[in-house]
Structures are given as C-alpha cells and as structure tokens.
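S.K.: sequence unavailable; structure follows:
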C-alpha cells in the first residue's frame with residue numbers, strides 16, 4: 001500500500017550533496033502545478049518532524065518548490081531510509097556546477113537553505 005502525506009517544504013531535508021543546475025532551472029521555469037499534489041516527491045519519515053528526500057528528482061522538485069515559495073508538497077512515504085550523503089560525506093555542503101542563466105534562482109535557493117544551516121561551494 002502506498003502511503004501519501006502532505007509535507008511542508010520546511011520539514012524536508014536534502015540528503016544528496018550535488019545540485020544539477022540545468023535540471024533545477026528546467027523545473028523552475030516549467031513548474032507543473034500537478035507536482036504539488038501528485039506525490040511524485042519521495043521522502044522517508046524520520047519520525048523527528050523531518051522528512052529525508054530520497055532520489056535526485058525528488059530533491060530537484062523540492063529545490064524548485066522552495067525557489068517558487070511553495071509551502072508544501074504531497075509526497076510518497078517510502079520505507080527505506082536513504083543514505084544521508086550530504087551530512088555524512090559532504091558536511092552539509094552542496095557542490096554546484098554554476099550556470100549563468102540559473103543564477104537568480106540559485107541565489108534564492110542558497111539564501112533559503114543557508115538559513116537552514118547548509119553551505120555551498122562552487
């Protein structure tokens with residue numbers, strides 16, 4: 001049985017240390033309102049009022065939602081806890097491949113996630 005839950009973007013936590021700026025720009029530019037309700041974002045419920053993002057596409061839809069100011073996304077809850085490579089391997093620091101046309105959106109994402117304790121390196 002698939003479990004689905006409305007999750008605040010403030011409670012979602014990235015687990016992957018890299019951000020594909022081309023994919024991010026594409027998702028922000030071509031945001032589909034259905035993504036807010038279709039449960040295509042996969043998360044693991046840590047039980048600590050935090051939800052770990054599971055796969056690359058889920059991460060990038062989350063980043064796009066943050067940039068666009070979306071308060072919540074309907075998510076699929078998965079049973080298997082993802083490996084938290086962002087915390088364990090990268091000390092909560094994101095790796096970016098900079099793209100000039102994504103700069104405005106990237107600045108917005110960096111501003112929001114920096115307030116949550118994450119760092120960025122280019």
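M.R.: Right, received. Where do you want to start? Just so we're clear, the structure is a prediction, and the values are computed from it rather than from any experiment.

S.K.: tell me how far the ends of stretch 89-109 are from each other?
M.R.: In stretch 89-109, first residue to last residue: 21 Å (Cα to Cα, to the nearest Å).

S.K.: show me what counts as buried in that stretch.
M.R.: 90, 94, 96, 102, 105, 106, 108, 109 (16 or more other Cβ atoms under 10 Å). (C-beta placed from N, C-alpha, C; glycine too.)

S.K.: now intersect those residues with the strands, please.
M.R.: Within the buried residues of stretch 89-109, residues falling in strands by DSSP state E are 94, 96.

S.K.: take the buried residues of stretch 89-109 and keep only those in helices.
M.R.: 105, 106, 108, 109 (DSSP state H).

S.K.: how about these, which pair is most distant?
M.R.: Pairwise distances across these (Cβ to Cβ) peak at 7.3 Å, for the pair 106 and 108.

S.K.: ok so, going back, can you put the ones in helices among the buried residues of stretch 89-109 in CSV and add distance to residue 25 and pLDDT?
M.R.: Formatted as CSV, those follow (distance: Cβ to Cβ, whole Å; pLDDT from 0 to 100):
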residue, distance to residue 25, pLDDT
105, 6, 83
106, 9, 83
108, 12, 88
109, 11, 89
